[in-house]
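Trainee: Would you be able to build a 3D model of this:
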Amino acid sequence: MTTGFFWDERCFWHAGGNYAFTMPVGGLVQPLAAGGLPENPETKRRMKNLMEVTGLFAELDTRSAAPASREALARVHPESYLDEFKRLSDAGGGDLGHAVPFARGGYELAALSAGLAIAAVDAVARGDLDNAYALSRPPGHHCLPDLPNGFCLLANIAIAIEAAQAKGLAKRVVVLDWDVHHGNGTEAIYYDRDDVLTISLHQEGNYPIDTGALADRGRGAGEGYNINLPMHAGSGHTAYLHAMDRVVIPAITAFAPDMIIVACGYDAAIVDPLARMQATAATYAEMTKRIRDTADKLCDGKLVLVHEGGYSEAYVPFCGHATIATLAGSRIDAPDPMARSLHARQPSPAFDAFLRQSIDDMAQELDL
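Mentor: Down below sits the predicted model:
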């Protein structure tokens, strides 16, 4: 098996403004000693570093990519949005709304992040690689066509899908979003279409607070091709795997895609500062195994994971390593140093039964 790993040092250089957590510094909000937004380069850089130290990095087909072209970006984003983004970027940086700041050159870095996703999807679709991982930064799954959102400036996955479809490389695509926050941007872009099935597993009522409802199934031609699974806070390893088995895999199987793309956020991990879920590195490994096996059965293994959220600098590297090692079928392990502690903190059998029943109830409402 050949697994591609698409990354570029320059993506780590994307920078926002002076924030304390998600609050702009000023007034009563004091600067932090190590200030900035939770979406910072260290989670991604430390993940790559861990892969290099264990030897996993050397087993992968590592590549960079060209930035997404203006033509590729314009398939998803209006010219007016791209023009304003480029203008502010050239002028020293700014904020296009919803507290998604960027520094000088932010447009080019966001285009590079999208370019990594495009190249990963292209290589897998052509059969050049069996599967791939794109370490894209800034992330993309919250970005609307004309509005940045949730640390996201360009809709990386949608841009990659549209590029592949324009080349005739894929007709039917599944986007599975297991980031802990609802994939509202991807949902909005494909809400009226039946050629892309969007599935989002997310913590109920986290972010955005006004999207991600179970009842939101698509519109027009897209009716039934959008699936939201708002999961209860506290959902852990067993609940996530039950959601995969009860909802995700049956829905993907019924859709019969040419390719599966995962919006791969690690913020459902138990120690993440922006969520209240209880997934572990083992959870991500098991979910990856399930989706890899599903891709093998349905679409010749054509599977791409694109990095989204995950804000624990200490723990994201272990979640990412477990995910990528599983994707690549590698025997190299980075033992989870918190495994025993996190296992002890999993939901009780009674709460687990409640969580599983909640997922079963949602599956029934979704006719799955």
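Trainee: And the strands in the stretch 1-150 of the chain?
Mentor: 3-6, 19-20, 23-24, 61-63, 93-95, 101-103, 131-134 (DSSP state E, counting those that start in this stretch).
Trainee: export those to TSV and tack on distance to residue 251, mean pLDDT and mean neighbour count?
Mentor: C-beta here means a position set from N, CA and C on the backbone, and glycine is covered the same way. Converted to TSV, the strands of the stretch 1-150 of the chain look like this (distance: least, CB to CB, whole Å; pLDDT from 0 to 100; neighbours: other CB atoms under 10 Å):
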stretch	distance to residue 251	mean pLDDT	mean neighbour count
strand 3-6	25	98	24
strand 19-20	37	82	18
strand 23-24	38	84	14
strand 61-63	30	98	16
strand 93-95	37	92	16
strand 101-103	35	92	20
strand 131-134	20	98	28
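Trainee: and the helix or strand harbouring residue 198, what other elements does it pack with?
Mentor: Residue 198 is part of strand 196-203, with elements assigned from DSSP states H and E. Packing contacts for strand 196-203, counted by 3 or more CB pairs under 8 Å, 6 or more residues apart in numbering; DSSP states H and E, involve strand 173-177, helix 184-190, strand 226-231, helix 249-255.
Trainee: Can you name the next helix or strand after the last one?
Mentor: Once helix 249-255 ends, the next helix or strand along the chain (criterion: DSSP H and E) is strand 259-264.
Trainee: List the pairing partners of that following strand within its sheet, with orientation.
Mentor: strand 173-177 (parallel), strand 303-307 (parallel) (DSSP bridges).
Trainee: Which helix or strand lies directly C-terminal to it?
Mentor: helix 281-298.
Trainee: Would you mind putting the CA coordinates of that following helix into PDB?
Mentor: In PDB, the C-alpha atoms belonging to helix 281-298 read as follows (Å, rounded to 0.1, in the frame of the first residue of the first chain):
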ATOM      1  CA  ALA A 281      -6.200   7.900  19.900                       C
ATOM      2  CA  ALA A 282      -7.500   4.400  19.700                       C
ATOM      3  CA  THR A 283     -10.900   5.800  18.700                       C
ATOM      4  CA  TYR A 284      -9.300   7.500  15.700                       C
ATOM      5  CA  ALA A 285      -7.400   4.400  14.700                       C
ATOM      6  CA  GLU A 286     -10.600   2.300  14.800                       C
ATOM      7  CA  MET A 287     -12.700   4.900  12.900                       C
ATOM      8  CA  THR A 288      -9.900   5.000  10.300                       C
ATOM      9  CA  LYS A 289      -9.800   1.300  10.000                       C
ATOM     10  CA  ARG A 290     -13.600   1.200   9.400                       C
ATOM     11  CA  ILE A 291     -13.600   3.900   6.800                       C
ATOM     12  CA  ARG A 292     -10.500   2.400   5.000                       C
ATOM     13  CA  ASP A 293     -12.200  -1.000   4.900                       C
ATOM     14  CA  THR A 294     -15.400   0.600   3.600                       C
ATOM     15  CA  ALA A 295     -13.400   2.400   0.800                       C
ATOM     16  CA  ASP A 296     -11.700  -0.900  -0.100                       C
ATOM     17  CA  LYS A 297     -15.100  -2.500  -0.600                       C
ATOM     18  CA  LEU A 298     -16.900   0.300  -2.400                       C
END
